[in-house]
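Trainee: After the sequence you'll find the predicted model.
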Amino acid sequence: NAGVTQTPKFRVLKTGQSMTLLCAQDMNHEYMYWYRQDPGMGLRLIHYSVGEGTTAKGEVPDGYNVSRLKKQNFLLGLESAAPSQTSVYFCASSSTGTDQPQHFGDGTRLSIL
Amino acid sequence: SQQGEEDPQALSIQEGENATMNCSYKTSINNLQWYRQNSGRGLVHLILIRSNEREKHSGRLRVTLDTSKKSSSLLITASRAADTASYFCATSGNTPLVFGKGTRLSVIA
């Protein structure tokens, strides 16, 4: 099993460009999450989903949109990238609840110039 | 916020020594979890301790939880160079997991 797979692993964007980060999990988990990790800030939750077709805002949702059209996939979109969105983005999933252990992908390193 | 806060921010020890990291939080929780992150990788779940538990063991890991003090500690015994990583606590309550900023552990061979 691959677990949680994130694509791409690295990306450089110019300010104002858009892009979509893809997260796929093969564990049949209901819950999926998107985090950003910045130096000295720990992990901050952007958006999450408690099941196919659902999304909810986390701590830092502004500037991002998400979609969960299929249970195994969770997409994170940046409509108009800003330098403040330069970060490492992590996707995670959990099986039965938001308080359960999460399985993480290895991250997408995104630089906005 | 119920965010956990780890202490110390960084810790450097010799191989074979024990490493202790602490986590403090602010509000009531359902459980508290510890994760490890190796450089350039995602977080890996280590152990979960429920709010009605006081101590839990997993291999060389020992976790304690004191809900009256709103604190937890992670002890790694007989550390190895491979334990070098960042360690995060995460608390769960009425919201999804909230992660602390982590403790960076360096184990010197």
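Mentor: Right, received. Where do you want to start?

Trainee: any low-confidence regions in the chain?
Mentor: Defaulting to chain A. Chain A contains residues with pLDDT under 70 at A:1.

Trainee: that's the wrong chain, I wanted chain B
Mentor: Residues of chain B that meet the cut-off, pLDDT under 70, sit at B:1-2.

Trainee: near chain A, which residues of it show up?
Mentor: B:3, B:30-31, B:33, B:40-45, B:48, B:88, B:92-93, B:95-102 (CB under 8 Å from any CB of the partner chain). Using the backbone N, CA and C atoms, a C-beta is placed for each residue, glycine as well.

Trainee: With adjacent residues omitted, what lies nearest to A:Q85?
Mentor: A:I112 (5.4 Å; CB to CB, 6 or more residues apart in numbering or on different chains).

Trainee: What's opposite the one you found in the beta bridge?
Mentor: A:L13 (DSSP bridges).

Trainee: which stretches of chain A form strands?
Mentor: For chain A, the strands defined by DSSP state E occupy A:4-7, A:10-13, A:19-25, A:31-38, A:42-49, A:56-57, A:64-67, A:73-78, A:87-94, A:103-104, A:108-112.

Trainee: To B:N52, which of the ones you listed lies closest?
Mentor: Comparison of the strands of chain A against B:N52 by CB to CB identifies strand A:87-94 as nearest, at 20.7 Å.

Trainee: Partner strands of the closest one and their direction?
Mentor: When DSSP bridges is applied, strand A:87-94 pairs with strand A:31-38 (antiparallel), strand A:103-104 (antiparallel), strand A:108-112 (antiparallel).

Trainee: Can you tell me what sits against it?
Mentor: Residues from elsewhere that reach strand A:87-94, judged by CB atoms under 8 Å, 6 or more residues apart in numbering or on different chains: A:4, A:6, A:21, A:23, A:25, A:27, A:29-38, A:43, A:46, A:74, A:76, A:100-105, A:107-110, B:42-43.

Trainee: chain center to that strand: distance?
Mentor: 5 Å (CA atoms, centre = their mean, to the nearest Å).

Trainee: Show me which positions of that strand end up buried.
Mentor: Under the neighbour-count criterion of 16 or more other CB atoms under 10 Å in any protein chain shown, strand A:87-94 has A:S87, A:V88, A:Y89, A:F90, A:C91, A:A92, A:S93, A:S94 buried.
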